[in-house]
Every structure is written in structure tokens, then in C-alpha cells.
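> structure, please.
(4 chains)
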4 protein chains.
Amino acid sequence: MKLTHEAMGAYAIAPTPFHDDGRIDEASIDKLCEFYGRIGCNGITVLGILGEAPKLDAAEAEQVAKRFVKSAEGLPVVVGVSAPGFAAMRALARSAMDAGAAGVMIAPSPRLRTDEQIVTYFRQAVEAIGEDIPWVLQDYPLTLTVVMTPSVIRRVVMDNPSCVMLKHEDWPGLEKITALRDFQKDGSLRPLSILTGNNGLFLDFEMERGADGAMTGYAFPEMLLDVVRLSKEGSRDAAHDLFDAHLPLIRYEQQRGIGLAVRKYILRRRGLIASDAQRKPAPRLSAPAKEEIEYLLSRVARTDRRAALAVER
Amino acid sequence: MKLTHEAMGAYAIAPTPFHDDGRIDEASIDKLCEFYGRIGCNGITVLGILGEAPKLDAAEAEQVAKRFVKSAEGLPVVVGVSAPGFAAMRALARSAMDAGAAGVMIAPSPRLRTDEQIVTYFRQAVEAIGEDIPWVLQDYPLTLTVVMTPSVIRRVVMDNPSCVMLKHEDWPGLEKITALRDFQKDGSLRPLSILTGNNGLFLDFEMERGADGAMTGYAFPEMLLDVVRLSKEGSRDAAHDLFDAHLPLIRYEQQRGIGLAVRKYILRRRGLIASDAQRKPAPRLSAPAKEEIEYLLSRVARTDRRAALAVER
Amino acid sequence: MKLTHEAMGAYAIAPTPFHDDGRIDEASIDKLCEFYGRIGCNGITVLGILGEAPKLDAAEAEQVAKRFVKSAEGLPVVVGVSAPGFAAMRALARSAMDAGAAGVMIAPSPRLRTDEQIVTYFRQAVEAIGEDIPWVLQDYPLTLTVVMTPSVIRRVVMDNPSCVMLKHEDWPGLEKITALRDFQKDGSLRPLSILTGNNGLFLDFEMERGADGAMTGYAFPEMLLDVVRLSKEGSRDAAHDLFDAHLPLIRYEQQRGIGLAVRKYILRRRGLIASDAQRKPAPRLSAPAKEEIEYLLSRVARTDRRAALAVER
Amino acid sequence: MKLTHEAMGAYAIAPTPFHDDGRIDEASIDKLCEFYGRIGCNGITVLGILGEAPKLDAAEAEQVAKRFVKSAEGLPVVVGVSAPGFAAMRALARSAMDAGAAGVMIAPSPRLRTDEQIVTYFRQAVEAIGEDIPWVLQDYPLTLTVVMTPSVIRRVVMDNPSCVMLKHEDWPGLEKITALRDFQKDGSLRPLSILTGNNGLFLDFEMERGADGAMTGYAFPEMLLDVVRLSKEGSRDAAHDLFDAHLPLIRYEQQRGIGLAVRKYILRRRGLIASDAQRKPAPRLSAPAKEEIEYLLSRVARTDRRAALAVER
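Numbers count the residues shown, from 1 in each chain, chains lettered A, B, ... in the order given. Presented below is the predicted three-dimensional model:
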């Protein structure tokens, strides 16, 4: 089952779970997959660039991708394959697809500057991995410093039939969704799935602008699913009500550097991973930070009982 | 009345109001000052680097600073004097102080990298403007790309007795406030006012970590004042309740590039500036963006009636 | 006499001379102008971004520009007007032209990333200064981090009839000259003067690729003039022989940060400026560095007697 | 035979040779090793960050490192192991050392900004690879955007006994060598080999400032060896005479982006690699560029007959 431009809903970006000593925790991978399946996620994305993928060596990256695909039991798995060079990108892409992944995700190299360089880069990336692999174009200027205009995204998509999805996380980016959907209305852009990232910080309005769903790692993917569904049903107020209840925590989890520590802390508290260990280099949550997270959880829980976690002794 | 390390509360960062044709709108400056005074702001900051200060020529910057000082009627005015070189910094700092400003604000040059370069830069800046001018150290790595550790901030503060305040807008930055307050507990850092920026996105917790207040430009400074007050009173839940009601809009206004357009739109809608014109280069709000803002205002207004604005015809 | 696309030869980029105490040294401006005129420079460029222009306040920048124009006695003077905002750019451009400058020079704002942003920026800059002022497009990616492809340069030039010259200092940049000249051959680019910068580090080959001359600040502009002339005459070996004799010193003077200190040191040693003082922040030449410069001068002097300077006591 | 702080002379940075179709060319590795040994190089460095190491996948990087070690027949081989994460760094470092490498080279991650971040990064890197592996600290701000002061380098060296060498390629960097040697004179820095890079552009003066030699990839390592030797003998003029004869070509080969294409072209012309193919993304030399290189070679050959290459048909 390969990824297509019809993908929609919520794709959970899964963290890479480690044991306290830094070894990969495969049992927690299984637990995460079971959870994502149970709550109705439409797919799972692994080895994202903002997570700990760059901290794995090549063999470990392959191991993680394969375990997720195996545990996901049919749920489509997208594997991040961004790499400093095309040979490493190809090696991981081919082995992940052989193992049953639905597609791969590619971010632009941070060196790219001009429109022409960007277009050429993705053309060469597709040549490297092969034109038979469906892939997701990741657009994240805040972290990558590469700015892609709607026109450049259109060129990349039209140049490469195997590009089926945009992971949209420009910031600000609402107008970009509108511009791309307008391109489709005027016939200059073919169908394309747009899932939004950035920890869901603008998911409420992104859906209204025409996104097909979310692809991000927020610790309560149930909220992503509900907001996507409510928004598609046209229940605007209900979608915002639920979103706004989570927003104080979304914002806290979206902090750069420390965000993943927050996310792993909550996932551990939810019983979805055994340890919130991160490989170095990684910040550690201070005692005040942990208290703040617990306070935020208790506040979210007033509206959404799924955030009501048993108190840790 | 000069700025001291005892400054606290909410300092509103004022936009530079223009007429539709781009000329400075002095009447709107007066209106803003009247408003900030009426709601109880503790001070006003003008010519901030994220606003339109760089779009003014030298004579205009002086004109704006003077008009704000005159209209503020005793409310302390802090004037941003960051500049590519020390001569321009000095010229504006001296003329603003001569006109009655309470102090100036200086951001690091984006060129700075090492700890030593940062410390030297501020030493030379103080030599340039004169040691008699109280000043605010602006710490905004996201935009300026200059990262100052708590230790470096301590060195700058201890090297320069005229530095009386930190405008804190590191992101994430909660641990930095804690680290600086810990330095004061162990006696290695002298008293220092810490006001936080970043559109107030973390004001709720920043207050709890030890900030003295806010210095930012959010279109409802009343909220900043209330959250600062409630937090200082120890009314944690009430502070968060009010803050959370505004957070969806805070987030929307904090978007890079487009944020100031949102802010000016709301200030105009509130009747506080006559036009929301920005000088070029500036993004323009699309029709969907305006609708989103109106929707957010209506939602904030359910909790905070001050956001209930009359519908525009 | 205004700058046109027929400009050629060597434009000396003049430093801003200061007295030891940091005041502007107008007598040295006069001396420099007399020298540039005497050796046959085709023009003078002042207030370049890599020099000390950003260290002047607005009034000083105007003063320096006017003095150069007055002293140049008819030699065309190009005034750098790059600024953080268009109002300051306009103010300096208008006053310089009123004083008799031949044209102005504009570099892209370091914030620009996409092709579209670059094209829009220069369109707005021209609107700001007025379409009647001939201007030089400065292309210096190494320092400015803005990368302009030949196609983007063509768009800027074709969009703005008042753009008459490219100051070329991309690195590497030989292919860019060839691409632009090819555009002219195929009729898609109108006539444009191309003068090259980067301290002349590739002047030998830049001339062969089609440059019209040099615009840079190397301490021996006589060499620039001779290499341009020899190259135009087709005396390839002679051009390279002279160039290569200077290259060890060119390279030494082209060092970032410290380069201007080297240049001012040599200009003072040549008697062309009274002091080699720089305004802060500025590196100082160490004793070993001065010895190295003297050694390099003595080696250049074996081929080019103009580098034989009297020994300082 | 492991790398120690007594390393000196010229370490050639070897390119990764490919067949025309992009496969690794092991026969050319052997040929390069034979050449480096024959001319008297003191060591060989492979998989440098400015070369094509990032274009290899993990298995290929290991293959290349092992082949060089095997072919080098006792000449010490330093293996670049810089990687986005410590797991990949460790994997390559361990396998290279197991295969007989003399040491590894580590560059700072481009994300690092503050002194503290830099010091911590190298501490964690050493923990990751193991304290038993001698390593080279690479300092290359121009490309990596990480600026290390002499004091920070001292901290890294003093914190990590296994750090035995600095690959110095700051630019400008002469004062940095002097500062580090002064630290050793005052007893605050232990013995440390300093080899300089940056294509040798300042090798003449770097030796005089106290460098122990060169580690760079210039296509005529014989020149590096001779300049190092002449400089150590005190034959200043002779060292500069030889260096200056090569400088026009050094400069041409040091161009960013295109430099490696120039180097491979010359190495192929010298018969040291079978093909000058580069993996994508890579610039291609134009016909004018090739003519320029040939012209430069002919000019170098007037002084140094080793640059007199047979004309290609």
C-alpha cells in the first residue's frame, strides 16, 4: 500500500524510543504502533529531521524503520530519508520501501538558496532514490533556512510525478496553503495531499485554508484527529474549542530544542513509551519544567479527559 | 525620571503609526500614549527592531521618539537605538535622552558569535552612547541569531552599571530566567529588571519563573497588565485563565513577517491608530486573514469583553 | 555627469579616512581624490558596505559623500546607499545626487532568500530613491548571504532601466560573467557595465570573461588600471605577470575583518591618508602582521616599483 | 602507529576517486597512496567535509577509509568522521581505527553558537567515539559558521587528552596561531600539532607564525612539502618564491563549490586518478575554466617543472 495524493487525516510523527542507556527500545515502538492504530491515525511518520533520526547510525535507522513498518500492521508508514548526500538517502529509502514502507519524506538541504538550486536538488534526489518511490516534500524554512515559494513547490511537484504530498510547516504559512489550492483551481498544479506540521500550532486555520490533515508529533494525536474531523464536518466552533483547550500545551511542546523532551515526557506519562531518554546532545527537563507540564495537562484535562493522567508518585 | 532596575509591570511596545501615504501620523502617537496611560501601562517602548524603526530615516526616528516622550506625559519611554554602527546609535540615544526618554534599548549586532565578541560589543556600545544612559539589553536569538548564555548576560550586566534591564525573548527561555535569578541568589549578579517579550507567548510561565513583567506589543496590553498582576498576587489559575483566552490570538499575532500587520489591524479596529498602513516592504493581510482575526477576536471576547469590537461595515 | 552602462576601467573604492580620534578627516579625502585623479582612475566609489560606512551616522555619511564629490573634480563618484530601510536609502541617495554624485550603489538586504523577494526588493528600492538615479547593483553573496542567479540579475536589470552597472563580487563568479554576456548576445539582456570587486582577487580572469573593469579598494589602484588596460589590449601574459606580482598582497588585504586595516595601513604608508585609524569595532594590526605587510610590499616592489615605500623609522 | 601531537609536515587531503559512473574507484585510491608515499607526504587525510564524504553512504565511507589505510602502507591515515550524530560518528571512527587508521578528524556541528555549546559538543563526541582514539579538531568557520576563539580551543584541548592536533583553517587566522603558541609559552596549553588547511592560501605565513605544517588538498602536495621544509630551514625568500609561483593556481583551486572540480581535473591530468567525475550535486568545469587551468599550469611550470603536464589531445 503506497502513499498517494489522496492521503488525509492525521499522520502521527513517532519519536524514536530509547532505553535509558540509549539503546533502541523496540517494545515501545510496538506499543506506539498499537496506540496509533487503536485511536484511528491514518498513518505514521518515522525518522523525522526534528526528532532523533540524525542520532542513529545507518544500521539503526534501517532497524527503526523496519520495526515500525512491521508493527504498524498495514497502517501506512512514511520514513524520513533526508541525508547530507544522495547515496545515504537512497540506501535508506530503498531498504525502507523493501520492508513495506508507504513512502519517504525528503527535506531540502540547508545549503540551498535559489529557486533553481531547490528545483535541481529535488530532481536529483528523485533520480537517486528512484522514480517509483512516492515521497513527501517537507517545507520547513524556520529550521532549514530554505524558503520555497508556492511557485517553486509547484515546479517541484510538476517535475516529479512521484511527489504525492507536501508536509507544510512554513511559518507563517496560511497564505501558502491558499496559494497552492488556487494553483489547483486554475489547473496549474495537479492533485497533492497537504498535511501540516509545526506541532499543530495553526492546525485550526490550516484545515480551513484547505489542508487535508496533520502530520506532526503532538503528544495527543487524538486531538489532531478530532480537529481534522470536526473541521471537515464544518463544525468550526467545536474544532476551535477543542484546539484551544490544547493550545497552551501545544505551544509548550513546540519550543525548539526542548520540545522533544516535553513530548517524550508526556508519552511516557501516558504509558506509550517506557523511557523518555534522549540520546546526546539533548536538553533535560528541569523540575520546574516538569511541574509546568503537569499543570498544563491538568488544565487541558478540564476539557479533554484524555489528558487526565494518573499522578506519578 | 530614568529607567532603573526596579522597573516592573507592563511596558507596551508601541508601533510606529503611519498615514496611508506613509507619512508619520503624530495624532495616532498621541492617541496611543493616551490609551497606554489610561489602562495603566508602566511604560512605553518605541522604535523596536521588529517593528518599523529600520524603515525610518534618522530624522524621522528622532521625531517619533520625541513625540512619544512628549505625549507620554511622564510615563517612562524606552527608545530602541540598535543600529549598524555606534555613531548612529549614539546620535539617536543622546537626542532621545535630551528629549526626556527614560532609557534606551540595545540589541546585539547579528554578526556576533563568540562570548567574547558579545561582551566587547556591549562595552563599546556603552562607551559610544555614554555611561550615563540607562539601557535595556535585548536578547532575541530567534531573529538576531546571537545566542547569549546566562553567564554572558551576567558578564554584560556586571561590566556595565548602566544596564538596568533585560528584555528577555529567548525561545525557549524559561530556564534562562531561572538561571539569572539563581545568579542573584548566589550573589554573582546584581539586581536587574527582567521584562519578557516574544509577543507574550510564554508570559504565563515567565512570571512564575521570576520575570518582573512584560515588554511586548500585543494588541491588548490590558491582558499583559492583568496577567502580570494576577501572577504577582499568586492567583495562578486566574492568570492562566485570562492568558489562555488570549493565546489563540497571541499566537496569530506572533507570526513572523505578518505579525505586525495583524497587530496594526487590531489597533486600528480598536480606534487606537488611524491607519494600519505599513511602509514597504510589508506583507498585506488577505481577506481570509482578516476574517480569521475577526473570528479570533469574537472568541477572545467570550472571556474578555475588551476584545468585543464593533463590526466594521 | 551621470553614470551610464558604458562605464569601464577602474573605479577605486575609497576608504573613509578618520583622524586618530575618530573624526572624519576631510584633508585626507582631498588627498585621496587628488591621487585617484592623478593616476587616471575612471571613477571613485565611497561608502561601500565592507568599509566603514555603517559606522557613520546619517549626517556624517552625507558629509563624506559631499566632500568626495567636491574634491573629485569631475571624476564620477558612486555613493553606496545600502541601508536597513528605504527611507534612509532615499535620504542619502537624494542628497548625494543633489551634491553631484554620478550614481548610487545598492546591495540586497541580507534577509532576502527567494528569487521573487530579490526582484521585489530592488523594484521597491528604485521606487524609493526615484527612477531618475542611475544605480549599481551589488552582488556579494559571501558577505550578504543573498544568492542571485544570472537570471535574477537579468530580471532586476530589465525591470529597472536606471540600473546601469553590476558590481560583480560573487565568489566563485567567472561563470556568472560569461552567462550575463551570453544573455546579451542572445538579446535578452540590455547593455550593462560589469565592474568586479572582491579586492581584485580574480581580476585577471574576470577581464578575460568580459568584465569592463574593476571596482574595488586594493591599495594599489594603479595595478587595477594597468591590468584592465593590458587585458583590453590583449596582452594576456603581461596582464598576468603584473597581477601575479601583486597577488600575494591582494590575498593578504582581502582577509575578512582585518583586510581594511591592512589597506589603511598601506594607504597611510603611501602618504595618501594621514592616519590608519578605524572606528570601533575594528581589529588592530599586530606587530607580526605589520612586518608581514612590509615584507609583501618589498616583494611586490621587485616587479612593481610603485610598491617600494620608504622605510618607516 | 597512532597520531600524536608531534605530527608535522604535509598531510595530503585525498579526494574520493570515482569512476565515470559514480562507483568508487579503488585502483585510483591505490595510485594516490603510492604517489603520496613517493613524494614524501607525512600522512594522508580522507573523507574531509569539503570533499565528497557526505556523498557516500555508511558502507562506502568505511570501504574508502579501509582501502586508503591498506594502500598507505604505514603512512598515517586520518579519517574524517564528522557526522550529524554521534552514533554515526562512532561507527565510522571505530571501524576506521580497527582497520588501522592513525586518528580521526572532527568538525563542530554547524548548529553550535556559544562557547559552552562548543566545549560540550566535543566532550560528548569524545565520549561517543571513545577516549582511546587520537583526534584532530577542525576549525573552519567560513564553511561551518562556528567561531572558536583561541580560549575555546584551549578548553577543548585541555578537556580532552586524546585531541592531538588542530586543523587550522580559520580565515583570517594568522593571529590565532600566534595566540595558541603564546598559550603554550605561558604554560596554559599542552603540546599540540597545528596543521593548516584552506587549500594552503596562507601557508607561507602560517609556517612563520608557528604552524607545524599543512593538511590540505592542493593538487601539488609537493609544493606544500617544499614550503614547509624551506620555512623550517629558515629559507624565507625561497619558501615565498615557490609559494608565490603556485599562488595563482592555489587561489583558483580554492574557490568554493568549484574548487574540488579544479583539483580533480588537475589530479587526473597528472595521471593520479583515472576520472575527475564527481557525484551529484556537483558543478562541471566549463571549457573556459579548463583553458584557464591549463594556462595557470603553464605559468606555474615556468618556476616549478612539476606543473608541466603533457598537453591533452
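> how about the residue nearest to A:Tyr140 when sequence neighbours are not counted, phi and psi?
By the measure of CB to CB, 6 or more residues apart in numbering or on different chains, the closest residue to A:Tyr140 outside its immediate chain neighbours is A:Glu169, 4.5 Å from it. C-betas here are computed from N, CA, C, even on glycine. Dihedral pair for A:Glu169: phi -140, psi 40, per degrees, to the nearest 10.
> now A:Glu169: how far from chain D?
19 Å (CB to the nearest CB, to the nearest Å).
> neighbours around that residue, how many?
By other CB atoms under 10 Å in any protein chain shown, 25 other residues sit near A:Glu169.
> which residues of the stretch 101-250 of chain A lie near chain B?
With CB under 8 Å from any CB of the partner chain as the criterion, the stretch 101-250 of chain A meets chain B at residues A:171-172, A:174-175, A:178, A:201-202, A:204-205, A:208-209, A:240, A:243-244, A:247-248.
> narrow these to those that are buried.
A:171-172, A:174-175, A:178, A:201-202, A:204-205, A:208-209, A:240, A:243-244, A:247-248 (16 or more other CB atoms under 10 Å in any protein chain shown).
> show me the contacts for A:Thr120.
By CB atoms under 8 Å, 6 or more residues apart in numbering or on different chains, the contact list for A:Thr120 reads D:Pro281.
> find the nearest non-adjacent residue to the residue of the stretch 101-250 of chain A found nearest chain D, please.
Chain D sits closest to A:Gln124 of the stretch 101-250 of chain A, with a gap of 4.9 Å, by CB to the nearest CB. In space, and not counting its chain neighbours, A:Gln124 is closest to D:Lys280: 4.9 Å by CB to CB, 6+ apart.
> surely the residue nearest to A:Tyr140 touches A:Asp139?
Yes: using CB atoms under 8 Å, A:Glu169 is in contact with A:Asp139, at 6.4 Å.
> which residue, other than its chain neighbours, is closest to the residue in the stretch 1-150 of chain A that chain B sits nearest to?
Going by CB to the nearest CB, chain B is nearest to A:Leu142 of the stretch 1-150 of chain A, at 8.2 Å. Nearest non-adjacent residue to A:Leu142, counting by CB to CB, 6+ apart: A:Trp171, 5.2 Å away.
> enumerate every residue touching the one you found.
Contacts of A:Trp171 by CB under 8 Å, 6+ apart are A:Pro141, A:Leu142, A:Asn198, A:Leu201, A:Phe202, B:Gln255, B:Arg256.
> tell me which helix or strand of chain A sits lowest on mean pLDDT?
Using mean pLDDT, DSSP states H and E, the weakest-scoring helix or strand in chain A turns out to be helix A:141-144, at a mean of 89.
> just the buried residues of that one, please?
Those would be A:Pro141, A:Leu144, for helix A:141-144 by 16+ other CB under 10 Å.
> with stretch A:226-245 instead?
A:Asp226, A:Val227, A:Val228, A:Arg229, A:Leu230, A:Ser231, A:Ala239, A:His240, A:Leu242, A:Phe243, A:Asp244, A:Ala245.
> repeat for stretch A:62-72
So, applying 16+ other CB under 10 Å, buried residues of stretch A:62-72: A:Glu62, A:Gln63, A:Val64, A:Ala65, A:Lys66, A:Arg67, A:Phe68, A:Val69, A:Ser71, A:Ala72.
> got the contact list for that stretch?
Taking CB under 8 Å, 6+ apart as the rule, stretch A:62-72 contacts A:14, A:16, A:24, A:26, A:29-30, A:32-34, A:36-37, A:44, A:46-47, A:56, A:77, A:79, A:92, A:95-96, A:99-101.
> just the ones of those in helices?
A:Glu26, A:Ile29, A:Asp30, A:Leu32, A:Cys33, A:Glu34, A:Tyr36, A:Gly37, A:Leu92, A:Ser95, A:Ala96 (DSSP state H).
> among the residues you listed, who's most crowded?
A:Ala96 leads these on contacts (other CB under 10 Å) with 29 neighbours.
> show me what the helix or strand hosting A:Glu294 is packed up against.
Using DSSP states H and E, A:Glu294 sits within helix A:287-301. Judged by 3 or more CB pairs under 8 Å, 6 or more residues apart in numbering or on different chains; DSSP states H and E, the packing partners of helix A:287-301 are helix A:236-253, helix A:259-269, helix B:174-185, helix B:203-209.
> show me which residues of chain A are close to chain C?
So chain A meets chain C at A:Arg113, A:Thr114, A:Asp115, A:Glu116, A:Gln117, A:Thr145, A:Val146, A:Val147, A:Met148, A:Thr149, A:Ser151, A:Val152 (CB under 8 Å from any CB).
> what does the model give A:Arg313 for pLDDT?
pLDDT recorded at A:Arg313 is 67.
> same check on A:Leu50?
A:Leu50 is given a pLDDT of 81.
> please report the distance of the closest residue to it other than its chain neighbours from A:Glu312.
Excluding the flanking residues, the one nearest A:Leu50 by CB to CB, 6+ apart is A:Thr143, at 6.6 Å. Distance of A:Thr143 to A:Glu312, computed by CB to CB, to the nearest Å: 32 Å.
> any chance of the residues of chain A next to chain C in JSON lines, with distance to chain D and secondary structure too?
Listed next are those as JSON lines, based on distance: CB to the nearest CB, whole Å; DSSP: H, G, I helix; E, B strand; the rest coil:
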{"residue": "A:Arg113", "distance to chain D": "12", "secondary structure": "coil"}
{"residue": "A:Thr114", "distance to chain D": "13", "secondary structure": "coil"}
{"residue": "A:Asp115", "distance to chain D": "15", "secondary structure": "helix"}
{"residue": "A:Glu116", "distance to chain D": "12", "secondary structure": "helix"}
{"residue": "A:Gln117", "distance to chain D": "8", "secondary structure": "helix"}
{"residue": "A:Thr145", "distance to chain D": "11", "secondary structure": "coil"}
{"residue": "A:Val146", "distance to chain D": "14", "secondary structure": "coil"}
{"residue": "A:Val147", "distance to chain D": "18", "secondary structure": "coil"}
{"residue": "A:Met148", "distance to chain D": "17", "secondary structure": "coil"}
{"residue": "A:Thr149", "distance to chain D": "21", "secondary structure": "coil"}
{"residue": "A:Ser151", "distance to chain D": "21", "secondary structure": "helix"}
{"residue": "A:Val152", "distance to chain D": "17", "secondary structure": "helix"}
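> most surrounded residue in those?
A:Met148 (27 neighbours).
> what is the neighbour count of the residue nearest to that residue when sequence neighbours are not counted?
Spatially, and ignoring its direct neighbours in sequence, A:Met148 is nearest to A:Asp139 (5.4 Å; CB to CB, 6+ apart). For A:Asp139, the count of nearby residues is 24 (other CB under 10 Å).
> hmm, A:Pro150 and A:Asp139 touching each other?
No: with contact defined as CB under 8 Å, A:Asp139 does not count as touching A:Pro150 (10.0 Å).
> identify the contacts common to the two.
Shared contacts of A:Asp139 and A:Pro150, defined by CB under 8 Å, 6+ apart, comprise A:Lys176.
> centre of the chain to stretch A:269-278, how far?
With CA atoms, centre = their mean, to the nearest Å as the basis, stretch A:269-278 stands 19 Å off its chain's centre.
> contacts for it next, please.
Outside stretch A:269-278, the residues touching it (CB under 8 Å, 6+ apart) are A:15, A:17-22, A:25, A:27-28, A:31-32, A:35, A:52, A:219, A:260-261, A:264-265, A:267-268, A:297, A:309, A:312.
> mind checking which of those residues are buried?
Judged by 16+ other CB under 10 Å, buried ones among these: A:15, A:17-18, A:25, A:28, A:31-32, A:35, A:52, A:219, A:260-261, A:264-265, A:267-268, A:297.
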